[in-house]
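> All I have is the shape, not the residue letters:
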């Protein structure tokens, strides 16, 4: 009897761990049980058969195979041996009640990590996509090309540089632009300001192009000559630089940033689309367009509300439910969200989000990820650009 009990303990430990590993890898539960039983019993019985026929042969075979297998698991399934034991013991101890079985499983999982010298910090791995593709933080993502809406859109490499004349001195480069509202387009003089994050417009210019400030419009702090101010943001349909339109530009309404005849500033959220060179002698500015799918995170960030809910079970499984709410009046394409979980970073592609709508996705983080402290931020996104032909 003592020999059987001594042999049963490591066999149960190994069987529970292999079962939990199969369940964590989403193997069919019945198949996980069968395979765990085969991989537990056959090697132990085979090792016992080749050992001398002594009373300690079965316990020795059981402990030997259990320790050898559990020591090997971290090399083949990094970070999953402990959670696998926790889940397997927790499932088999269901009759003890949820609280007791979870506690027993967690204790067994810690013992497995100690016995196998497993690093408790999981190795970052790509998420299993559900329902969209998800990536580890070391990967990059390229947004899909603009939608084919029956319009022809040239690539930026097909266009030559845009040349604009400017007035003023080196500290105040004034250029002419055309700004589109939903139905009206007007020409304005603005200052090219590479130190401004956002482009700005005066209250009068906003009213002229027919754009209202939404009740739930985002606000930002701006540094002006008179100090910090708060300004509401609006989304203009396009800013024309010569014959080149930059669609869907976030603009701060700032009266302090304008002084007639200047109606506002042209900031980095537009200028980042171009390589800028200035000919001071000829008073010309040359703008060379970058790739059309360049990141519009600065424009989009204030319009996209991101919310993530983490569910972390006792067996180490970590589920993330991610939601994006688009408050803009234009659709967002290929939003990628960065998730920082206690120093471990991941990236999740949220996908397209309609104007005024939401997008949801649910993904599995690597087992054992500590996401009790987390930060969510927009990594990259683009607008759905659909207003013009041949640009």
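Ah, there it is. None of the values given here were measured: they were computed from a predicted structure. Numbers count the residues shown, from 1 in each chain.
> the strands in the stretch 251-391 of the chain, which residues?
Shown for the stretch 251-391 of the chain, the strands assigned by DSSP state E, counting those that start in this stretch span residues 262-266, 274-279, 284-289, 304-312, 318-326, 332-341, 344-353, 358-365, 374-383.
> TSV for those, including distance to residue 21, mean pLDDT and mean neighbour count?
C-beta here means a position set from N, CA and C on the backbone, and glycine is covered the same way. TSV is the format used below for the strands of the stretch 251-391 of the chain (distance: least, C-beta to C-beta, whole Å; pLDDT from 0 to 100; neighbours: other C-beta atoms under 10 Å):
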stretch	distance to residue 21	mean pLDDT	mean neighbour count
strand 262-266	58	91	23
strand 274-279	52	88	14
strand 284-289	52	88	18
strand 304-312	19	83	15
strand 318-326	16	85	19
strand 332-341	22	86	21
strand 344-353	22	84	21
strand 358-365	15	83	18
strand 374-383	26	88	18
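> element containing residue 177?
For residue 177, the enclosing helix or strand under DSSP states H and E is strand 173-180.
> re the thing from before, in a markdown table: the strands of the stretch 251-391 of the chain, plus distance to residue 57.
Listed next are those as a markdown table, based on distance: least, C-beta to C-beta, whole Å:
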| stretch | distance to residue 57 |
| --- | --- |
| strand 262-266 | 83 |
| strand 274-279 | 77 |
| strand 284-289 | 77 |
| strand 304-312 | 43 |
| strand 318-326 | 42 |
| strand 332-341 | 47 |
| strand 344-353 | 45 |
| strand 358-365 | 42 |
| strand 374-383 | 51 |
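> got the contact list for the strand holding residue 177?
Residues from elsewhere that reach strand 173-180 (C-beta atoms under 8 Å, 6 or more residues apart in numbering): 164-168, 185-192, 201, 205, 209, 236-241, 245, 262, 266, 278, 285.
> repeat that with 7 Å
164, 166-168, 185-192, 209, 236-241, 262, 266, 285 (C-beta atoms under 7 Å, 6 or more residues apart in numbering).
> now the residues you listed: which count as buried?
164, 166, 188-192, 209, 236-241, 262, 266, 285 (16 or more other C-beta atoms under 10 Å).
> Okay, and which of those map to strands?
Residues of the buried ones among the contacts of strand 173-180 located in strands (DSSP state E): 164, 188-192, 236-241, 262, 266, 285.
> Which stretches in the stretch 51-200 of the chain count as strands?
Going by DSSP E, counting those that start in this stretch, the stretch 51-200 of the chain shows strands at 134-136, 162-165, 173-180, 185-192, 199-201.
> What score does the nearest residue to residue 342 once chain neighbours are set aside have for pLDDT?
Once flanking residues are discounted, residue 342 sits nearest to residue 370: 4.5 Å by C-beta to C-beta, 6 or more residues apart in numbering. pLDDT recorded at residue 370 is 76.
> how many other residues sit next to residue 370?
By other C-beta atoms under 10 Å, 16 other residues sit near residue 370.
> Likewise for residue 222?
20.
> didn't it look like it was pressed against residue 229?
Yes. With contacts counted by C-beta atoms under 7 Å, residue 222 reaches residue 229, the gap being 5.5 Å.
> and residue 225, backbone torsions?
Phi and psi for residue 225, reported as degrees, to the nearest 10, are phi -60, psi -30.
> what's the weakest-modelled helix or strand in the protein?
None of the helices or strands of the chain scores lower by mean pLDDT, DSSP states H and E than strand 134-136, at a mean of 38.
> pLDDT of the helix or strand that contains residue 19, averaged?
Using DSSP H and E, residue 19 sits in helix 2-24. The pLDDT scores in helix 2-24 average 80.
> And that helix, what does it pack against?
Contact partners of helix 2-24 among helices and strands, from 3 or more C-beta pairs under 7 Å, 6 or more residues apart in numbering; DSSP states H and E: helix 29-50, helix 57-76, helix 81-92.
> repeat that for 8 Å
helix 29-50, helix 57-76, helix 81-92, helix 98-116 (3 or more C-beta pairs under 8 Å, 6 or more residues apart in numbering; DSSP states H and E).
> Can I get the ones you listed in a markdown table including distance to residue 330?
Output for these, formatted as a markdown table (distance: least, C-beta to C-beta, whole Å):
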| stretch | distance to residue 330 |
| --- | --- |
| helix 29-50 | 46 |
| helix 57-76 | 48 |
| helix 81-92 | 43 |
| helix 98-116 | 47 |
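> Out of those, which gets nearest to residue 320?
helix 81-92 (16.5 Å; C-beta to C-beta).
> Which positions in the closest one come out as buried?
Quick answer for helix 81-92 (16+ other C-beta under 10 Å): 81, 82, 83, 84, 85, 86, 87, 88, 89, 90, 91, 92.
> Among these, find me the one that's closest to residue 322.
Scanning the buried residues of helix 81-92 for proximity to residue 322, where the rule is C-beta to C-beta, the winner is residue 83, at 22.2 Å.
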